[in-house]
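Asks: Sequence plus the predicted model coming up.
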Amino acid sequence: MAGIGFALRKLLVRDEMSSILTGFFLSAVVAAGPWILTSVGLLIIGFIGVSSFSDYDRYLEFRSIVTFLFASTLILTAPLQVPMTRYMADLFYRKNYSRVRSLLITSVVMALGIAFIPGITGLLFLRLPLGESLAVLDLFFILLALWITSSFVSTLKDYNAVGLAFLTGNLISIGGVFFGARMGDVTGGILGYALGQGMILTVLIARLLIEFPGDFFWDADGVAFFRHRLDLALIGIFFSAGVWVDKILYWYGPGSRAVVGFIRMNKEYDVGMFFALLLVIPTLALFVAYFETGFYEQYRFFFLVVHGGYPLSEIGVAKEKMIQFLRRALAFVIKIQGAVTVLVLLNAHHMLSFFHADLLALPVFRIGSIGALMQVLFVLETTLLLYLNRGDIVLKLCGGLFVLNLALTLFFMKMGSQEEGLGYFFSCFLVTLWGYFHLDRAFLDFEYTIFMRQPLSPDGRAES
């Protein structure tokens with residue numbers, strides 16, 4: 001699934017500064033394009049677009065609705081993203097590219113079906129005016145389809161089209177909010193925002209359909225795979241819920257305020273975590289363009305040695321090369337992200353002041369920055385464990401993230417406002433340590449995992 005990473009890496013090895021900057025930008029877009037550029041878009045809207053709304057409370061309503069839609073759609077699509085991505089990887093392994101478009105459409109339809117009843121029910125409880133309700137429902141369904149479609153983006157080789165789609169779409173969203181809010185306040189702002197996101201979705205789907213021709217049909221095998229691998233669905237649920245649970249608790253905890261219906265906000269916590277999570281952009285870019293592609297090359301070479309019938313000593317050498325690459329890559333990632341985090345800790349006050357953000361969010365921003373560093377390391381660990389076919393461990397780790405973040409956030413909420421963000425930080429820190437222990441053990445047992453844990457065929461022999 002690192003296909004686009006190899007194309008992007010060609011940009012990074014050139015001597016031109018423009019190629020390097022373009023490569024890192026596109027790598028970040030591919031890794032987390034929807035939420036990175038959308039978050040930047042919301043930041044720009046909050047910086048210079050508040051005056052487009054009739055008053056500040058109406059702007060807060062717009063921002064809270066969009067944020068709530070982000071959280072809800074990410075959690076609702078989480079059960080589909082991991083199993084469908086794994087199934088798509090199996091299709092690529094078998095060079096069965098003609099089924100990709102059917103899998104895409106099937107996945108989008110399943111996501112809309114899963115979220116339809118919760119979405120309609122939530123909208124009824126909000127009791128918004130009809131026009132605003134339709135605008136919210138429009139953005140809700142667009143985001144559902146966009147998260148699913150984004151899971152397929154890493155298979156594309158046309159990185160220019162992907163980057164241009166996200167950049168242009170979010171510029172349209174920003175402009176749409178400015179003009180829409182002036183004409184229709186919150187309703188117009190949401191419709192303008194949905195216009196840009198819908199443009200991104202349309203271009204990505206068109207690009208996928210062009211690159212992967214084939215017939216359209218309901219992918220029953222993909223649905224069966226989803227039912228068979230519910231463990232992968234649980235991984236997606238626990239990870240998304242684990243990342244969002246502290247934010248949701250603070251929306252309804254001390255210091256929060258009602259916005260509209262059941263949608264609430266906690267201004268200081270939201271602002272602090274919003275800025276903190278933007279700090280993982282450098283590591284996400286490195287992950288796509290350097291980390292995953294380099295590891296995949298070593299990983300593939302190892303299995304070429306295994307399937308080539310080489311002696312055990314050669315298999316050991318291939319494994320050692322893979323481990324050496326990981327050590328260098330992890331050290332490089334920690335240095336880059338660690339340096340960014342330290343710079344932020346030293347200049348957090350100036351960053352918030354520059355964007356006219358509430359300085360009361362400063363403590364949350366600082367502790368959230370360290371937590372974000374731990375979270376991105378945790379993502380790297382779980383990705384590697386999935387490569388090593390240790391989904392059982394990843395399920396425990398993601399379940400642990402959810403439980404720890406839930407319990408520790410509730411504990412520190414009782415301690416007072418000075419401890420805000422510590423639940424998120426400690427939960428990410430603990431699961432990262434736990435993940436490192438399991439990752440180290442998984443590499444020690446790698447040969448056993450490959451040769452001794454294979455499923456048996458009906459005649460009692462291990463399947464290849």
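Replies: Thanks, I have it.
Asks: Now stretch 337-349: buried residues?
Replies: By neighbour count with 16 or more other Cβ atoms under 10 Å, stretch 337-349 contains the buried residues 337, 340-341, 344, 348. From N, CA and C alone the C-beta is placed, and that goes for glycine too.
Asks: Next: stretch 179-190.
Replies: If you call a residue buried by 16+ other Cβ under 10 Å, then stretch 179-190 has these buried ones: 180-182, 184-190.
Asks: can I get the residues you listed in JSON lines with pLDDT, secondary structure and distance to Lys247?
Replies: Below are the buried residues of stretch 179-190 laid out as JSON lines (pLDDT from 0 to 100; DSSP: H, G, I helix; E, B strand; the rest coil; distance: Cβ to Cβ, whole Å):
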{"residue": "Gly180", "pLDDT": "91", "secondary structure": "helix", "distance to Lys247": "26"}
{"residue": "Ala181", "pLDDT": "90", "secondary structure": "helix", "distance to Lys247": "25"}
{"residue": "Arg182", "pLDDT": "90", "secondary structure": "helix", "distance to Lys247": "30"}
{"residue": "Gly184", "pLDDT": "89", "secondary structure": "helix", "distance to Lys247": "28"}
{"residue": "Asp185", "pLDDT": "91", "secondary structure": "helix", "distance to Lys247": "26"}
{"residue": "Val186", "pLDDT": "91", "secondary structure": "helix", "distance to Lys247": "22"}
{"residue": "Thr187", "pLDDT": "94", "secondary structure": "helix", "distance to Lys247": "25"}
{"residue": "Gly188", "pLDDT": "93", "secondary structure": "helix", "distance to Lys247": "27"}
{"residue": "Gly189", "pLDDT": "91", "secondary structure": "helix", "distance to Lys247": "22"}
{"residue": "Ile190", "pLDDT": "93", "secondary structure": "helix", "distance to Lys247": "21"}
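Asks: farthest-separated two in these?
Replies: Farthest apart among those by Cβ to Cβ are Arg182 and Ile190. That separation is 13.5 Å.
Asks: mind listing what the closest residue to Trp218 other than its chain neighbours touches?
Replies: Excluding the flanking residues, the one nearest Trp218 by Cβ to Cβ, 6 or more residues apart in numbering is Thr106, at 5.9 Å. Neighbouring residues of Thr106 by Cβ atoms under 8 Å, 6 or more residues apart in numbering: 218-219, 222-223.
Asks: Keep only those of those residues that are in strands.
Replies: Among the contacts of Thr106, none falls in strands (DSSP state E).
Asks: Give me the buried subset of those.
Replies: 219, 222-223.
Asks: And the next helix or strand past the strand or helix carrying Ile44?
Replies: Element membership of Ile44, judged by DSSP states H and E, is helix 17-48. Next along the chain after helix 17-48, taking DSSP H and E as the criterion, comes helix 56-93.
Asks: Now do the buried residues in that next one.
Replies: Buried, per 16+ other Cβ under 10 Å, within helix 56-93: 58-88, 91.
Asks: Now do the next helix or strand after that helix and helix 56-93, the angle between them.
Replies: Sequence-wise, the next helix or strand downstream of helix 56-93 (DSSP H and E) is helix 100-126. Going by axes from the mean of the first three to the mean of the last three Cα atoms, to 10 degrees, helix 100-126 is angled at 150 degrees with respect to helix 56-93.
Asks: Helix 100-126: how far from the chain's middle?
Replies: 18 Å (Cα atoms, centre = their mean, to the nearest Å).
Asks: Mind giving me the packing neighbours of the helix or strand just after it?
Replies: The helix or strand immediately downstream of helix 100-126 is helix 130-150, counting by DSSP H and E. The helices and strands touching helix 130-150, judged by 3 or more Cβ pairs under 8 Å, 6 or more residues apart in numbering; DSSP states H and E, are helix 17-48, helix 56-93, helix 100-126, helix 159-211.
Asks: now these as JSON lines including distance to Ser427?
Replies: JSON lines is the format used below for the helices and strands packed on helix 130-150 (distance: least, Cβ to Cβ, whole Å):
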{"stretch": "helix 17-48", "distance to Ser427": "20"}
{"stretch": "helix 56-93", "distance to Ser427": "17"}
{"stretch": "helix 100-126", "distance to Ser427": "26"}
{"stretch": "helix 159-211", "distance to Ser427": "30"}
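Asks: dump the residue contacts of Ile205.
Replies: 104, 149.
Asks: Leu377 versus that one, what's the distance?
Replies: 33 Å (Cβ to Cβ, to the nearest Å).
Asks: for Met351, same thing?
Replies: Distance from Met351 to Leu377, by Cβ to Cβ: 22 Å.
Asks: For those two, indicate the residue with more neighbours.
Replies: More neighbours surround Leu377 than the other of Met351 and Leu377, with 23 against 14 (other Cβ atoms under 10 Å).
Asks: Setting aside sequence neighbours, what's the nearest residue to the more buried one?
Replies: Excluding the flanking residues, the one nearest Leu377 by Cβ to Cβ, 6+ apart is Thr432, at 5.1 Å.
Asks: next one: Gln375
Replies: Cys428 (4.7 Å).
Asks: Helix or strand: which one has that neighbour?
Replies: Following DSSP H and E, one finds Cys428 within helix 422-444.
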